[in-house]
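**Student:** need a 3D model of the following:
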Amino acid sequence: MRDLCFGVLLLLLCACDINTPNVALGTLERDRIAHVAITNEVIMALPVSKGSRVSKGELLVQLDDTLQQAQVAKALADVGKAQANLQKLHKGPRKEEIAAAAAQVAAEKAPLLESQINYKRIKDLVDKNLSSQVLLDRAVATRDLNQARLESAEEQHLQLLNGNRLEDIQIAQADLDSANAIYALQQKKLADLTVTATRDGILDNLPWNLGERVTTGSPVAIVLAGKAPYARVYVPEPFRVKIKVNDPLMVYVDGLEQPIRGKVRWIANEPAFSPYYALNQQDRSRLMYLAEVQLPENAEDLPSGLPAQVELP
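**Tutor:** Model (predicted):
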């Protein structure tokens, strides 16, 4: 009885092995790259038609850049202004400005001397009761005002002699750095209005027509990248342990009599369906692992979407 049970179990396992397919099914695919609009501008040019092959850097869509050109010009002017201000602070005041400040100091001394003399004269008269206190108060105010004006002129003259503060130069340098950063940002926005291919491939779709105003963030050109497609297939769980990246595998494409030798470029480490710990031993054999098998460059004419089968080891 024990031998009979063992024999039945062995037959079941053999049957499972026989029914397990040694092919992975899927389709031919290419990486899909969507070029999106960074602003809602009008499409001015569509130089490439749908389905054409494009090279990296080739113009796909040209958006109206009139407004952005003005933004770049303004940012460039701000850079020049900040740079001139920094150079001015580094050079310090001119000789003429220092001379003018010195002359202002000399000019303020004469009113002060006159007000001091007038104050002493009125004070003597007040002491002799020959003048009023009101005139003395006015003389004191005039003297103090002229003294303050002289001190202010002397401080301005001294400030010019000492040159600009280090903190002011650092602030001007920070303003220049900020202006340069804004200028670079505006240049980047201007460049983004000229949509170019970032990889070699096939221009699959142009969702907007010439003359339309696109919405911000919407795709304006879709490119299927890569010279040749790859087979995206699902590998059954029993074969997952036998496959690793760079392994050669034979790919059968519908419509071709001969298979194509491809190479595994990626295979998932996690199953695409139910987690293995939630399944029994029999159900685990139904788990699938997504894999990508790259075809050689001579298969570049094969379109995406064709059914494909990969022969598993």
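**Student:** which residues of the stretch 1-150 of the chain score low on pLDDT?
**Tutor:** Applying pLDDT under 70 to the stretch 1-150 of the chain flags the ranges 1-21, 92.
**Student:** run the last query once more with 50
**Tutor:** Within the stretch 1-150 of the chain, the ranges that satisfy pLDDT under 50 run 1-20.
**Student:** what is the neighbour count of residue 33?
**Tutor:** 17 (other Cβ atoms under 10 Å). The C-beta positions use only the backbone N, C-alpha and C, and glycine is treated the same way.
**Student:** after the helix or strand containing it, which helix or strand is next?
**Tutor:** According to DSSP states H and E, residue 33 maps onto strand 23-36. Tracing the chain C-terminally past strand 23-36 and defining elements by DSSP H and E, one meets strand 43-45 next.
**Student:** which outside residues touch that following strand?
**Tutor:** 59, 61-64, 208-214, 220 (Cβ atoms under 8 Å, 6 or more residues apart in numbering).
**Student:** and that strand, how far out from the chain middle?
**Tutor:** Distance, stretch centre to chain centre, for strand 43-45: 24 Å (Cα atoms, centre = their mean, to the nearest Å).
**Student:** who does the next helix or strand after that strand touch, helix- and strand-wise?
**Tutor:** Using DSSP H and E, the next helix or strand after strand 43-45 towards the C-terminus is strand 53-54. Here strand 53-54 touches strand 201-205, going by 3 or more Cβ pairs under 8 Å, 6 or more residues apart in numbering; DSSP states H and E.
**Student:** for the helix or strand containing residue 83, name the packing helices and strands.
**Tutor:** Assigned by DSSP H and E, residue 83 belongs to helix 66-91. Here helix 66-91 touches helix 166-192, going by 3+ Cβ pairs under 8 Å, 6+ apart.
**Student:** check the gap between residue 138 and residue 238 for me.
**Tutor:** Using Cβ to Cβ, to the nearest Å, residue 138 is found at 111 Å from residue 238.
**Student:** nope, residue 132 is what I meant
**Tutor:** Taking Cβ to Cβ, one finds residue 132 at 119 Å from residue 238.
**Student:** more crowded one of the two?
**Tutor:** Set residue 132 next to residue 238 and count neighbours by other Cβ under 10 Å: residue 238 wins out with 17 against 12.
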